[in-house]
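J.: okay, predicted coordinates and the sequence, questions at the end:
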Amino acid sequence: MCSVVNRLKPVMAYKLCYQSTGYLRKLPVHIKHIVPGLCTRKQPLESVIIRSYCSRMNLGKGIVFRQLFESVSSTYTYLLADKASREAVLIDPVLETVDRDVKLIEELGFNLKVAVNTHCHADHITGTGLLKTRLVGLKSAISKHSGANADILLSEGDKIRFGKYHLLVRETPGHTDGCVTLVTGDHSMAFTGDALLIRGCGRTDFQQGCSRRLYESVHQKIFTLPPECLIFPAHDYKGQTASTVAEEKRFNPRLTKSVEEFVEIMANLNLPKPAQIDIAVPANLVCGVHEV
């Protein structure tokens, strides 16, 4: 009995490591054959991406992460903070959920430094302007190519700092001229706005949209990130919360095509006009403060 237990100790350790983290782990060949069910696929484990993204909230790396949802426009708002300094950033806030966001920030004792929009949204009004009236010292941020007003106008390579951490700006135009993807310093998370959605992408039939430019942006600025990098979009309409670079490179029904096929697909989507576009875009050009 003791000999069996001793043989299983390394197996159990590997199994626990495999189950408790969202990163890739390579199991030795002898381990995979000792325990049936631990890895029954012939497919190498290196090609399997584990999406334990919720565990990032408590990885002990010093970053607090929260994913928040607004149901009318199906918008995700993301809160990231440095546990030590309590400095935080908020990505894509929505006007209707400002009270919720302020309450959470105050409950967790954070000092919100920057509220950043990934682009000038057409389907909801940003909460950035109202947040600035509620939280002292808060600065707004958006791409300099968006045409919108903000305290910080972002360019390729800029860093949005919170404590000892930062988000790196990658310009990913195509849905709009001012789209950016925000990547954590360790390249473990990417906030892609509408440029890359889960198994989809932003439309290109209004607001300076260009299908070829979007295709190039995604392939050059997002698909070049590590395969295990988690993708957090600005919206999802099917209840999905996150993806990975590897998944989208393999399964995205649009962006796995050639550029010519992609352009053809985007030209024939025949989507309805966004319900709030006539009020959202003008409001977002002035940081959402038109009636605040």
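T.: Yep, it's here. Residues are numbered from 1 along each chain as shown.
J.: which parts of the stretch 151-292 of the chain are helices?
T.: For the stretch 151-292 of the chain, helices defined by DSSP state H, counting those that start in this stretch occupy the ranges 211-217, 245-251, 259-267, 277-285.
J.: can you give me the offset of the third one from its chain's centre?
T.: Going back to what we said before, that points to helix 259-267. Mean-position distance between helix 259-267 and its chain equals 24 Å (CA atoms, centre = their mean, to the nearest Å).
J.: tell me the average confidence for it?
T.: Taken as a whole, helix 259-267 carries a mean pLDDT of 98.
J.: what residues sit buried inside that helix?
T.: Neighbour counts over helix 259-267 (16 or more other CB atoms under 10 Å) mark Phe262, Val263, Met266 as buried. (Glycine included, C-beta is placed from N, CA and C.)
J.: the first one too?
T.: Of the residues in helix 211-217, those scored as buried under the neighbour-count criterion (16+ other CB under 10 Å) are Ser211, Arg213, Leu214, Tyr215, Ser217.
J.: likewise for the last one?
T.: For helix 277-285, a neighbour-count test (16+ other CB under 10 Å) marks Ala280, Val281, Ala283, Asn284 as buried.
J.: OK, contacts around the last one?
T.: The contact partners of Asn284, by CB atoms under 8 Å, 6 or more residues apart in numbering, come to Asn117, Cys120, His121, Ile125, Thr126, Ala148.
J.: shouldn't the fourth one be in contact with Ala283?
T.: Yes. With contacts defined as CB atoms under 8 Å, Ile125 counts as touching Ala283 at a distance of 4.6 Å.
J.: so which of the buried residues of helix 211-217 is the closest to Asp186?
T.: Taking CB to CB as the measure, Asp186 lies nearest Ser217 of those, at 21.9 Å.
J.: give me the neighbour count for the closest residue in space to that closest one that isn't next to it in sequence.
T.: Excluding its sequence neighbours, the residue lying closest to Ser217 (CB to CB, 6 or more residues apart in numbering) is Thr172, at 3.9 Å. Residues lying near Thr172 (other CB atoms under 10 Å) number 31.
J.: can you check Lys257 too?
T.: For Lys257, using other CB under 10 Å, the count is 14.
J.: residues contacting His145?
T.: Contacts of His145 by CB under 8 Å, 6+ apart are Glu171, Pro173, Asp177, Gly178.
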